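Asks: from the sequence below, what's the structure:
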Amino acid sequence: RRLAELAFSIACMPYEAFYSLGAILRTFWRMLVTHKRLLEWNTAADSKRNSRTGLAGSYLTMWSAPVIAAVAAIYLALTGPSALVAACPVLGLWLASPAIAWWLSRPLDHREKRLSTEQTGFLLNLSRKTWAFFETFIGPEDNWLPPDNYQEHPVAAVAHRTSPTNIGLALLANLTAYDFGYVTAGECIDRTARSLDTLEKLERYRGHFFNWYDTRSLMPLPPHYISTVDSGNLAAYLLTLRSGLLEIPDEPILGTRFFDGLRDTFGVLVETAAGATPPARLADLQLEIDAACHDKPAMLGSARQRLDRIAASASAVIDDLNSGPDDQASWWAQALARQCAAASNELGLLVPWAGSQDLPGLLREFPDIDEIPTLRQLACRSPKSTLELDQRQCSDMAPAENAKHDEMRRLIREAGSRAAERIAIIERLAMRAGELARMEYDFLYDRERHLLSIGYNVNDRRRDEGYYDLLASEARLCSFVAIAQGELPQENWF
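Replies: Okay, here's the model as predicted:
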């Protein structure tokens, strides 16, 4: 590589010398003689627009190098033919320098890289295990805040403390678990609401959360310190959470990736249950999950049936394992069963007619009622669907059919009301997340340096003397959010 770089430098030497000599002479002429055009320069955009591309353009730009090579070759041929033989390699490089520069300047051929099936499976396996940490350790014992860490060896121990960055990551973990199909929208909303309830109870300073809290007592840990990085992280995470929550009403009530999420959980189960259960049981469960992933149900009835079959197979695996609560295979089998149960409960709450054995005729008569809706569609569909039922219901209809129409009308109205209520809850959560993201930054900002301090000691009422002055510093996210919110001037970014 070094030899190649040396050869290229030698090849470009005549052009660089000619170019530099021209710049030197032009500078002397303008400074000493004409005193004009002293501030003339070409912008990068002009240079790019006026640049010559292609092999011919390269020779037109670097014409001086081949000319110097030709003149030198003629001179040596006339004065010292023996020296010409020794100089041929260098003269050849000078002659070919435009072609070499053109060849090296060609755009790189960017080949699209795709993950293999094994690599994708590994990452999904890892993502499901990562969610298991949040699923296991964020609960009422820690007031729905994430513990800082869990120690497995030598003694199992949970660190019952947390930071703003930890809290923000946990909130986004809920949203990510919903996107990956590990939890339903209802579970995501419930977990998020409980965490925000706790956040609103925590002591703050000018909108900022302290650097550390005890997750059980909710008291800030000494020293009472505001970390610029932590505050910026949490503010950004809360704003991301707000946007993600507002997208939920327009997503299908049974997420498009829910069955893929079941397959991710099953993959971890297979990894941990090697030899602990008959292979036939796992094979039956895999067949059900693979079938649901390959041909995702588009109708509520078929989705409910798929869920029931997967839940039954998962229950059979749990019975075969018959292990203690600390057994990994048993835990993952129960996690799979919990995912199925949560989805069934979600359908039962929002679309109680899904999979009903008493209303098959009506579902065939109104097929759009059996489609998997979004929350917003469900809330808007209620008046329209009940009107259609009223129009179809006749006075001479049999009592049993009348009863079915009445029951269906009641269920649709109930579903529409619950969907509208959930949308209102989501919007309130999004508003609360946005409010928690509002913080004051003036006491962290040095207006002379246009820099953010590392932090602020609330006990001493003292701003740190250290500042984030690098473009690639970890406080850039805080700067970005604060400027976007109008809390800091744009000079801080530059």
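Asks: surely residue 68 meets residue 16?
Replies: No - at 11.3 Å, residue 68 does not count as touching residue 16 under the criterion of Cβ atoms under 8 Å. All C-beta atoms are positioned from the backbone trio N, CA, C, and that covers glycine.
Asks: out of these two, which sits in the more crowded spot?
Replies: residue 68 (19 against 14; other Cβ atoms under 10 Å).
Asks: quick one: least confident helix or strand in the chain?
Replies: When the helices and strands of the chain are scored by mean pLDDT, DSSP states H and E, helix 360-365 comes last with a mean of 54.
Asks: quick one: the helices in the stretch 101-250 of the chain?
Replies: With DSSP state H, counting those that start in this stretch as the criterion, the stretch 101-250 of the chain has helices at 117-137, 164-180, 185-199, 228-247.
Asks: count of residues packed around the closest residue to residue 468 other than its chain neighbours?
Replies: Closest residue to residue 468 apart from its sequence neighbours, by Cβ to Cβ, 6 or more residues apart in numbering: residue 475 at 3.9 Å. Residue 475 has 24 neighbours, counted by other Cβ under 10 Å.
Asks: what do you get for residue 22?
Replies: Using other Cβ under 10 Å, the number of residues around residue 22 comes to 11.
Asks: same check, this time on residue 461
Replies: Counted with other Cβ under 10 Å, residues neighbouring residue 461 total 8.
Asks: swap in residue 149?
Replies: Neighbourhood size, residue 149 [other Cβ under 10 Å]: 13.
Asks: pLDDT score for it?
Replies: pLDDT recorded at residue 149 is 92.
Asks: now the spatially closest residue to it that is not a sequence neighbour: how far from residue 151?
Replies: Of all residues not flanking residue 149 in the chain, residue 159 sits nearest, at 4.8 Å (Cβ to Cβ, 6+ apart). Distance, residue 159 to residue 151, using Cβ to Cβ, to the nearest Å: 7 Å.
Asks: equivalent analysis for residue 411, please.
Replies: Relative to residue 151, residue 411 is positioned 50 Å away (Cβ to Cβ).
Asks: neighbour count winner among these two?
Replies: Shown here are residue 411 and residue 151; by other Cβ under 10 Å, residue 411 has more neighbours (19 against 10).
Asks: I'd like the distance between the more buried one and residue 443.
Replies: Distance, residue 411 to residue 443, by Cβ to Cβ: 56 Å.
Asks: so where's this protein uncertain?
Replies: Within the chain, the segments meeting pLDDT under 70 span 44-52, 275-278, 322-326, 355-368, 382-402, 404-405.
Asks: how about the strands in it?
Replies: Remark: strands assigned in the chain by DSSP state E are 149-151, 157-159, 161-162, 204-205, 208-209, 213-214, 225-227, 445-446, 451-453, 455-457, 462-463, 467-468.
Asks: from the chain's centroid, how far away is the first one?
Replies: With Cα atoms, centre = their mean, to the nearest Å as the basis, the distance from the averaged C-alpha position of strand 149-151 to the chain average is 25 Å.
Asks: please apply the same query to the last one.
Replies: When C-alpha coordinates are averaged (Cα atoms, centre = their mean), strand 467-468 and its chain have centres 27 Å apart.
Asks: mind listing what's buried in stretch 100-118?
Replies: Buried residues in stretch 100-118, counted by 16 or more other Cβ atoms under 10 Å: 100, 101, 102.
Asks: any residues touching it, and which ones?
Replies: Outside stretch 100-118, the residues that touch it by Cβ atoms under 8 Å, 6 or more residues apart in numbering are 8, 11, 12, 54, 55, 57, 58, 62, 93, 123.
Asks: give me the neighbour count for the last one.
Replies: Think residue 123. 12.
Asks: gap between it and residue 181?
Replies: Noted for residue 123: a distance of 15 Å to residue 181, by Cβ to Cβ.
Asks: also the first one?
Replies: Distance check for residue 8 against residue 181: by Cβ to Cβ, it reads 53 Å.
Asks: more crowded one of those two?
Replies: Between residue 8 and residue 181, counted using other Cβ under 10 Å, residue 181 has the larger neighbour count: 22 against 15.
Asks: check contacts around the more buried one.
Replies: By Cβ under 8 Å, 6+ apart, the contact set of residue 181 is 255, 257, 258, 259, 260, 261, 262, 264.
Asks: and the nearest residue to it once chain neighbours are set aside, what does it touch?
Replies: If the residues on either side of it in the chain are set aside, residue 181 comes closest to residue 261, at 2.5 Å by Cβ to Cβ, 6+ apart. The contact partners of residue 261, by Cβ under 8 Å, 6+ apart, come to 128, 180, 181, 182, 255, 339.
Asks: hmm, the last one is touching residue 266, no?
Replies: No - because the distance of 9.9 Å does not satisfy Cβ under 8 Å, residue 339 is recorded as not touching residue 266.
Asks: what's the overlap in contacts for those two?
Replies: Residues within reach of residue 339 and of residue 266 at once, by Cβ under 8 Å, 6+ apart: there are none.
Asks: contact partners for residue 94?
Replies: Residue 94 touches 11, 13, 14, 65, 66, 68, 69, 72, counting by Cβ under 8 Å, 6+ apart.
Asks: ok, the residue nearest to residue 149 - contacts?
Replies: The contact partners of residue 159, by Cβ under 8 Å, 6+ apart, come to 147, 148, 149, 150, 151.
Asks: same question, residue 351
Replies: 253, 300, 373, 378, 415.
Asks: would you show me how to pick out the buried ones of the contacts of residue 181 in ChimeraX?
Replies: Command for ChimeraX that selects the buried part of those, burial taken from 16+ other Cβ under 10 Å:
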select :255,257,258,259,260,261,262,264
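Asks: show me which of the contacts of residue 181 is closest to residue 294.
Replies: residue 259 (9.2 Å; Cβ to Cβ).
Asks: what's the distance between that closest one and residue 466?
Replies: Counting by Cβ to Cβ, the gap from residue 259 to residue 466 is 50 Å.
Asks: also residue 224?
Replies: According to Cβ to Cβ, residue 224 and residue 466 sit 18 Å apart.
Asks: what of residue 53?
Replies: Taking Cβ to Cβ, one finds residue 53 at 48 Å from residue 466.
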